[in-house]
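Undergrad: need the 3D shape of this:
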Amino acid sequence: MAATTRLRCLLFPFLVQLLLLLSAAAGTRWQDFLRLPSEGDGAAGTRWAILIAGSNGYYNYRHQADVCHAYQIMKKGGLKDENIVVFMYDDIAGSPDNPRPGVIINHPAGGDVYAGVPKDYTGEDVTVGNFLAALVGNRSAVTGGSGKVVTSGPDDHVFVFYSDHGGPGVLGMPSDDYLYAKDLVRALKQKRAAGGFKSLVFYLEACESGSIFEGLLPKDIGVYATTAANAEESSWGTYCPGDNPGPPPEFDTCLGDLYSVAWMEDSDVHNLRTESLKQQYEVVKDRTSAHGTYSLGSHVMQYGDQRLGTQSLAQFIGTNPANDNATFGRDNPLRRFSGAVNQRDADLIYFWQKVLCDRSDGCSSLSFCMISLNSS
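TA: Below is the predicted model of the structure:
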């Protein structure tokens with residue numbers, strides 16, 4: 001037994017050197033040999049993404065900030081603009097209320113996430129009809145916008161991220177009727193039946209977001225979904241005035257949503273070839289629940305084909321080469337909990353602050369307004 005152990009120890013450095021030599025000879029990076037088992041042949045095909053912010057108005061800053069941040073992750077991960085469809089009202093960066101004109105941030109110390117984001121569907125073109133048409137790949141059903149749709153095939157992988165307000169069985173839209181759960185699930189079934197993807201992942205940020213998939217999304221159509229909340233509770237905003245950390249003092253609105261920044265800040269720093277969907281789900285669930293205490297936050301849920309949870313995140317959103325050495329670990333520093341505000345209250349924070357500052361001669365700073373709000 002001791003001799004066998006000694007032999008293994010001697011062989012290990014040799015095998016590592018052999019791996020590096022093979023990698024160099026093949027013209028690839030050594031990290032490409034360390035993919036999760038689930039990647040295998042399934043890693044073939046094209047990655048597609050639909051990113052949608054279903055709200056408008058500066059007080060809903062966080063939703064468009066979430067979507068812009070998601071775009072930057074896809075772009076750094078290697079997805080091409082031709083394969084990313086973006087829906088956002090686009091009234092935040094240029095809003096007179098924006099203290100940094102032309103810039104959107106999603107973290108108190110974060111950089112601009114707005115630069116370079118495609119304007120596929122903006123303003124009145126952010127509609128239920130256009131979103132569903134883009135999802136199923138029906139270009140003829142699109143009205144306005146760039147006309148870009150997801151023309152994916154049976155070997156492709158699709159990622160959908162939706163950030164907005166919601167209610168039982170519905171999701172909001174800025175300039176159209178609600179998106180109903182039954183219509184969304186019908187579109188997913190339709191795309192699957194048409195051979196429109198090998199696997200599809202749906203991340204959903206909204207209040208009562210679990211109601212969109214609970215009891216409706218089949219487990220056998222290759223769709224895996226996670227939601228910011230269960231079917232009966234609000235989701236939560238974060239980086240809001242009064243939080244720790246809160247936004248820079250010139251901002252009077254929330255910069256992000258708790259579930260959304262949890263998955264994106266996790267994706268920002270790891271080699272996503274080595275992190276599975278299930279692993280990220282656990283990280284996001286822990287952070288969004290205040291480490292399982294639910295003193296603040298919500299119940300992150302998963303639906304559909306949970307077997308897809310073993311697949312790597314890179315298969316859907318790519319991975320930033322700068323993170324090749326940053327593998328997933330249980331000591332993930334992003335498990336920390338940031339402050340949070342019930343999503344419906346997040347809107348009130350903005351309006352309440354406006355009222356206080358407009359009517360109070362002594363209200364010269366955001367912190368004063370928040371003290372007034374918290375003592376009400």
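Undergrad: going by C-alpha atoms from here, please, whenever you check contacts or count neighbours.
TA: Fine.
Undergrad: so residue 133 is in which element?
TA: Per DSSP states H and E: residue 133 is located in helix 128-136.
Undergrad: list the helices and strands that helix packs on?
TA: helix 181-193 (3 or more Cα pairs under 8 Å, 6 or more residues apart in numbering; DSSP states H and E).
Undergrad: elements contacting the helix it packs on?
TA: Using 3+ Cα pairs under 8 Å, 6+ apart: helix 181-193 touches helix 128-136.
Undergrad: all helices for the stretch 1-150 of the chain, in order.
TA: Here the stretch 1-150 of the chain has its helices, by DSSP state H, counting those that start in this stretch, at 2-26, 61-76, 128-136.
Undergrad: could you tell me the least trusted of these?
TA: Least confident of these, judged by mean pLDDT, is helix 2-26 with a mean of 44.
Undergrad: just to revisit the earlier point, for the helix holding residue 133, buried residues please.
TA: Going by neighbour count (16 or more other Cα atoms under 10 Å), the buried part of helix 128-136 is 128-136.
Undergrad: kindly report the same for stretch 141-149.
TA: Residues 142-143, 145, 147-149 are the ones in stretch 141-149 that count as buried (16+ other Cα under 10 Å).
Undergrad: just stretch 107-118 next, same as before
TA: Using 16+ other Cα under 10 Å as the test for burial, stretch 107-118 gives 107-108, 112-114, 117-118.
Undergrad: now that stretch, how far from the chain's geometric center?
TA: With Cα atoms, centre = their mean, to the nearest Å as the basis, stretch 107-118 stands 14 Å off its chain's centre.
Undergrad: what do you get for stretch 305-325?
TA: So, by Cα atoms, centre = their mean, the centroid of stretch 305-325 is 13 Å from its chain's centroid.
Undergrad: send the alpha carbons of it over as PDB?
TA: The C-alpha coordinates for stretch 305-325 follow below in PDB (Å, rounded to 0.1, in the frame of the first residue of the first chain):
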ATOM      1  CA  ASP A 305     -35.300  19.900 -15.300                       C
ATOM      2  CA  GLN A 306     -33.100  20.000 -12.200                       C
ATOM      3  CA  ARG A 307     -30.800  17.500 -13.800                       C
ATOM      4  CA  LEU A 308     -29.400  20.400 -15.800                       C
ATOM      5  CA  GLY A 309     -28.000  21.800 -12.500                       C
ATOM      6  CA  THR A 310     -24.900  19.700 -13.000                       C
ATOM      7  CA  GLN A 311     -24.000  21.600 -16.200                       C
ATOM      8  CA  SER A 312     -21.400  24.400 -16.000                       C
ATOM      9  CA  LEU A 313     -22.400  28.000 -16.100                       C
ATOM     10  CA  ALA A 314     -19.900  28.500 -18.900                       C
ATOM     11  CA  GLN A 315     -22.100  26.400 -21.200                       C
ATOM     12  CA  PHE A 316     -24.700  29.200 -21.000                       C
ATOM     13  CA  ILE A 317     -23.000  32.500 -20.300                       C
ATOM     14  CA  GLY A 318     -19.400  31.800 -21.100                       C
ATOM     15  CA  THR A 319     -16.600  32.700 -18.800                       C
ATOM     16  CA  ASN A 320     -14.200  35.600 -18.500                       C
ATOM     17  CA  PRO A 321     -10.600  34.400 -19.300                       C
ATOM     18  CA  ALA A 322      -9.300  36.800 -16.600                       C
ATOM     19  CA  ASN A 323     -10.900  34.400 -14.100                       C
ATOM     20  CA  ASP A 324      -9.300  31.200 -15.300                       C
ATOM     21  CA  ASN A 325      -7.500  30.600 -12.000                       C
END
